[in-house]
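**Student:** my questions are about this predicted structure, shown below with the sequence.
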Amino acid sequence: LTDDVIELARQYGRYGYRPVTALLNQAGWHVNHKRVERIWKREGLKVPPKQRKKGRLWLNDGSCIRLQPERPNHVWSYDFVQDRTHDGRAYRTLNILDEFTREALMIRVDRKLNSTDVVDALTDLFILRGSPDYIRSDNGPEFIA
């Protein structure tokens, strides 16, 4: 029985112990699902988790929001990363990236970063590199302000 449970689990990867029990009963075994569940756990069998579908990013008119960068300075993205030092004090980094070259255009580190710091960093980059065609962010509270 154990060999048949393992073989059916291998053959039907997305089936759990209940569908395997039904297959065993169809094959001539007269077995309860509780017994198959005990064997299932004892053998360490698991159903692999489903892959999450990517969210669709289209509008009603058929246009797509997701933008692929085509050249340098076409699409920039920026976000905050927060961490703690060895003594427990928090610090934040503002990371601004060019998505085509995957170059870190600016990394600003401070204990507190607010919306004016974001505007200052972007202004400095606009002066140095020119303005990009698109800027992508996650619309966190610092970016909305």
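**Tutor:** Okay, I see it.

**Student:** do you know how far Y78 is from D120?
**Tutor:** The spacing between Y78 and D120, counted by C-beta to C-beta, to the nearest Å, is 13 Å. Placement of C-beta: from N, CA and C, glycine included.

**Student:** more neighbours: those two, which one.
**Tutor:** Y78 (21 against 13; other C-beta atoms under 10 Å).

**Student:** just give the closest residue to that one, not the sequence neighbours.
**Tutor:** Nearest residue to Y78 in three dimensions, chain neighbours excluded: I96, at 4.3 Å (C-beta to C-beta, 6 or more residues apart in numbering).

**Student:** what residues of the helix or strand harbouring that neighbour count as buried?
**Tutor:** Assigned by DSSP states H and E, I96 belongs to strand 90-98. By 16 or more other C-beta atoms under 10 Å, the buried positions in strand 90-98 come out as R92, L94, N95, I96, L97, D98.

**Student:** could you point out which element follows the strand or helix carrying K41?
**Tutor:** Using DSSP H and E, the element containing K41 is helix 33-42. Of the helices and strands lying after helix 33-42 in sequence (DSSP H and E), the nearest is strand 75-84.

**Student:** so how far is that following strand off the chain centroid?
**Tutor:** Its chain's C-alpha centre and that of strand 75-84 lie 15 Å apart, by C-alpha atoms, centre = their mean, to the nearest Å.

**Student:** that one: which residues count as buried?
**Tutor:** The neighbour-count check on strand 75-84 (16+ other C-beta under 10 Å) flags V75, W76, S77, Y78, F80 as buried.

**Student:** so which other helices or strands are in contact with that strand?
**Tutor:** Counting by 3 or more C-beta pairs under 8 Å, 6 or more residues apart in numbering; DSSP states H and E, the packing neighbours recorded for strand 75-84 are strand 90-98, helix 115-129, strand 134-136.
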